[in-house]
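Student: attaching a predicted model along with its sequence, questions to come.
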Amino acid sequence: GDSVTQMEGPVTLSEEAFLTINCTYTATGYPSLFWYVQYPGEGLQLLLKATKADDKGSNKGFEATYRKETTSFHLEKGSVQVSDSAVYFCALVGGADGLTFGKGTHLIIQP
Amino acid sequence: DAGVTQSPTHLIKTRGQHVTLRCSPISGHKSVSWYQQVLGQGPQFIFQYYEKEERGRGNFPDRFSARQFPNYSSELNVNALLLGDSALYLCASSLGSLGDYGYTFGSGTRLTVV
């Protein structure tokens, strides 16, 4: 079945550092790919998405490119802020069986 | 516009009891799906409903059931609660059934089974 693997955290960075959170996937067909963010005590918020190979999703300074050849969708941000501290989930959907999530990466940004 | 609303926000139940969780999707969204998120893990897919029909089911026992109403709201029912059912239950709505538009999540219902 479908699966998503993302780097385990916590990932601790200083403010203004460059961020990369790795995500790779296994799926049949051509899934759509997503990054969701979860702040403490809250539900999930869609951060960005890409629906086909070579698409780049972007939002709030975050970017991720759908790489079919490497089955990857790595999340990047050039300069992180303390307010970016949260748990980030990589996910895919390939049909009507809902989203398949990775285990999440806890990001901690120190001032 | 209201987002996805879930009720109740918190719930404490005893082992063996039954629970019903409710979800109202974003206006115009016809698909509702349910997820279970155990502490420290990613959400796990339970069900998806589209136009009042079940379109997908995850690997959960038959104690879990759901339905979608004509106004597209949905209920998740869990019978014979176990301690392991303690989790955050998330509802998500989407325009279509295949999720290409993305899913919008509610804030969840925190279920504690004692």
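Tutor: Nice, thanks for sending it over. Given the structure is predicted, the values throughout are model-derived calculations rather than measurements.
Student: excluding chain neighbours, what is closest to residue A:22?
Tutor: residue A:7 (4.6 Å; Cβ to Cβ, 6 or more residues apart in numbering or on different chains). For the C-beta atoms, the positions are set from N, CA and C on the backbone; glycine is no exception.
Student: how near is that neighbour to residue A:99?
Tutor: As judged by Cβ to Cβ, to the nearest Å, residue A:7 and residue A:99 stand 19 Å apart.
Student: between those two, which has more neighbouring residues?
Tutor: Under the criterion of other Cβ atoms under 10 Å in any protein chain shown, the comparison of residue A:7 against residue A:99 puts residue A:99 first, with 29 against 17.
Student: what about the chain, any weak spots by pLDDT?
Tutor: You didn't pick a chain, so chain A it is. Judged by pLDDT under 70, chain A has its weakly predicted residues at A:96.
Student: that's the wrong chain, I meant chain B
Tutor: Ranges of chain B meeting pLDDT under 70: B:1, B:97-101.
Student: now the spatially most central residue of chain B. Its backbone dihedrals?
Tutor: Nearest to the mean C-alpha position of chain B, counting by Cα atoms, centre = their mean, stands residue B:34 at 3.0 Å. Reported as degrees, to the nearest 10, the phi and psi values for residue B:34 are phi -120, psi 140.
Student: what is the burial count for the closest residue in space to it that isn't next to it in sequence?
Tutor: Nearest residue to residue B:34, sequence neighbours excluded (Cβ to Cβ, 6+ apart): residue B:46, at 4.3 Å. For residue B:46, the neighbour count with other Cβ under 10 Å is 23.
Student: and the helix or strand containing residue B:46, how far from the chain's centre?
Tutor: Element membership for residue B:46, per DSSP states H and E: strand B:44-50. How far strand B:44-50 lies from its chain's middle: 7 Å, per Cα atoms, centre = their mean, to the nearest Å.
Student: the residue nearest to residue B:34 reaches residue B:23, doesn't it?
Tutor: No. With contact defined as Cβ atoms under 8 Å, residue B:46 does not reach residue B:23; the gap is 11.7 Å.
Student: who in chain B is up against chain A?
Tutor: Residues of chain B lying close to chain A by Cβ under 8 Å from any Cβ of the partner chain are B:4, B:33, B:35, B:40-48, B:50, B:55-58, B:90, B:92, B:97-100, B:102-108.
Student: let's see it at 7 Å
Tutor: B:33, B:41-43, B:45, B:48, B:55-56, B:58, B:90, B:97-100, B:102-108 (Cβ under 7 Å from any Cβ of the partner chain).
Student: ramachandran angles for residue B:85?
Tutor: With angles defined as degrees, to the nearest 10, residue B:85 sits at phi -80, psi -10.
Student: residues making contact with stretch A:23-41?
Tutor: Contacts with stretch A:23-41, where a contact means Cβ atoms under 7 Å, 6 or more residues apart in numbering or on different chains, come from A:2-6, A:44-52, A:64, A:66, A:71-75, A:86-94, A:102, B:99-100, B:102.
Student: surely residue A:88 touches residue A:75?
Tutor: Yes. With contact defined as Cβ atoms under 7 Å, residue A:88 counts as touching residue A:75 (6.3 Å).
Student: between the two, what contacts are shared?
Tutor: Taking Cβ under 7 Å, 6+ apart as the criterion, residue A:88 and residue A:75 both touch A:21, A:35.
Student: quick one: residues contacting residue B:47.
Tutor: Contacts of residue B:47 (Cβ under 7 Å, 6+ apart): B:33, B:34, B:54, B:56, B:57, B:66.
Student: and for the fifth one, the neighbour number?
Tutor: Using other Cβ under 10 Å as the criterion, residue B:57 is surrounded by 16 other residues.
Student: cool, thanks, signing off.
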